[in-house]
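[1] no sequence on this one, just coordinates:
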């Protein structure tokens, strides 16, 4: 019995660890429909590459561009960030920046790598000096449950997305909104109120306008509707060309795109069988998009999508 169980576990792990050798892999959602990607410059019904990650990154929770040929990822249980070779996502270098904790996002800006904890504390690491800098603390705390950080180059602000309470004080609208705050790198100032709010009603309207009159089954339509009601940010990234803000949700497996004023432009449903736990998203300068998935006990992966 034990021998059979071991074989089963080995088979499951191997089936998760595919090498990045094929391109344009078709993806069909769990509802039997290809993911709809109208309104964004990516076709999420296919991916260009998929990269299995080292066991060290089974809990990968954040992703950012590092240099032209590399990305940087963070493990949400360990105060380390990892430089990854874009050709195969192997670990090139590991940096120790802090104690163990719930780290949820990472972003490189110039010679500084910013890692954010779920309580809102930001940990800057100076790559030139090879040392930590003073922790940045603001108005957010654990009840806001921060899940991601990104850099808006146009405004030179860090954008911080919350999975939990949208405001620093509890309000009646808490359950129907998700918030994005900012930290200005030029003035070293936090926004005291959300700079963007994502409302459930706006997301549901997008779903209705996209899929309400389509030929999908009632079951599929209801499934999409329920998945959007579960929208819960897990990562954030700013597109390098359009300036649009991409907010990923692991719960419900969706991707919400906002314009630079915070209005919802599009809602995309991801393939649940591929993106089992999407927790990180980033772009490179050429517009290539990467989405990282925690391993859920098996193998963590990064999916690559080239622009259309």
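    Perfect, I can see it now. These figures come from a predicted structure and were not determined experimentally.
[2] got a list of what residue 148 touches?
    By Cβ atoms under 8 Å, 6 or more residues apart in numbering, residue 148 lies in contact with 62, 104-105, 116, 160-161, 233-237, 247-248, 280-281. The C-beta positions use only the backbone N, C-alpha and C, and glycine is treated the same way.
[3] can you count the residues close to residue 103?
    Residue 103: 26 surrounding residues under other Cβ atoms under 10 Å.
[4] Would you check how far apart it and residue 206 are?
    In this view, residue 103 and residue 206 are 31 Å apart by Cβ to Cβ, to the nearest Å.
[5] mind listing the helices for the stretch 1-150 of the chain?
    Using DSSP state H, counting those that start in this stretch, the helices of the stretch 1-150 of the chain run over residues 2-16.
[6] Okay, strands next: where are they in it?
    25-26, 46-47, 49-52, 60-67, 70-75, 80-85, 91-96, 103-109, 112-117, 122-126, 131-132, 146-152 (DSSP state E, counting those that start in this stretch).
[7] Same list (those) but as CSV, adding mean pLDDT.
    Converted to CSV, these look like this (pLDDT from 0 to 100):
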stretch, mean pLDDT
strand 25-26, 46
strand 46-47, 91
strand 49-52, 98
strand 60-67, 97
strand 70-75, 97
strand 80-85, 98
strand 91-96, 97
strand 103-109, 98
strand 112-117, 98
strand 122-126, 98
strand 131-132, 95
strand 146-152, 98
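[8] quick one: which of those is nearest residue 176?
    Among the strands of the stretch 1-150 of the chain, strand 146-152 comes nearest to residue 176, with 17.7 Å by Cβ to Cβ.
[9] picking that back up, just put the strands of the stretch 1-150 of the chain in CSV and tack on distance to residue 176.
    CSV is the format used below for the strands of the stretch 1-150 of the chain (distance: least, Cβ to Cβ, whole Å):
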stretch, distance to residue 176
strand 25-26, 36
strand 46-47, 33
strand 49-52, 35
strand 60-67, 25
strand 70-75, 30
strand 80-85, 34
strand 91-96, 39
strand 103-109, 22
strand 112-117, 24
strand 122-126, 27
strand 131-132, 38
strand 146-152, 18
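[10] out of the ones you listed, nearest to residue 254?
    Per Cβ to Cβ, nearest to residue 254 of those: strand 146-152, 13.9 Å.
[11] between that closest one and strand 60-67, how many degrees?
    10 degrees (axes from the mean of the first three to the mean of the last three Cα atoms, to 10 degrees).
[12] Can you name the next helix or strand after strand 146-152?
    Using DSSP states H and E, the helix or strand that follows strand 146-152 in sequence is strand 157-162.
[13] same for that following strand, what does it pack against?
    Applying 3 or more Cβ pairs under 8 Å, 6 or more residues apart in numbering; DSSP states H and E, one finds that strand 157-162 contacts strand 103-109, strand 146-152, strand 177-184, strand 232-238.
[14] Could you name the stretch from those that's closest to residue 89?
    strand 103-109 (14.8 Å).
[15] Show me how far that closest one is from its chain's centre.
    Relative to its chain's centre, strand 103-109 lies at 11 Å (Cα atoms, centre = their mean, to the nearest Å).
[16] Okay, buried residues for that strand please.
    103, 104, 105, 106, 107, 108 (16 or more other Cβ atoms under 10 Å).
[17] Could you single out the nearest of the contacts of residue 148 to residue 184?
    Residue 184 has its nearest neighbour among these in residue 160, at 11.7 Å by Cβ to Cβ.
[18] and which of the contacts of residue 148 is nearest residue 293?
    Closest to residue 293, out of all of the contacts of residue 148 and judged by Cβ to Cβ, is residue 280, at 8.1 Å.
[19] wait, that closest one sits on residue 59?
    No. With contact defined as Cβ atoms under 8 Å, residue 280 does not count as touching residue 59 (10.9 Å).
[20] Low-confidence stretches in this protein?
    Low-confidence segments of the chain, defined by pLDDT under 70: 1-39, 211-217.
[21] Mind doing that once more with 80?
    Applying pLDDT under 80 to the chain picks out residues 1-39, 172-173, 210-221, 297.
[22] right, and the strands of the stretch 1-150 of the chain - which one's nearest residue 185?
    Using Cβ to Cβ, the strands of the stretch 1-150 of the chain put strand 103-109 closest to residue 185, at 6.7 Å.
[23] The nearest residue to residue 194 once chain neighbours are set aside bridge partners, please.
    With Cβ to Cβ, 6 or more residues apart in numbering as the criterion, residue 194 has its nearest non-adjacent residue at 3.8 Å, and that residue is residue 179. Residue 179 forms beta bridges with residue 197, as assigned by DSSP bridges.
[24] which residues does residue 249 contact?
    Here residue 249 is in contact with 230, 231, 232, 233, 234, 255, 256, 278 (Cβ under 8 Å, 6+ apart).
[25] Give me the buried entries from those residues.
    By 16+ other Cβ under 10 Å, these give 231, 232, 233, 234, 255, 256, 278 as buried.
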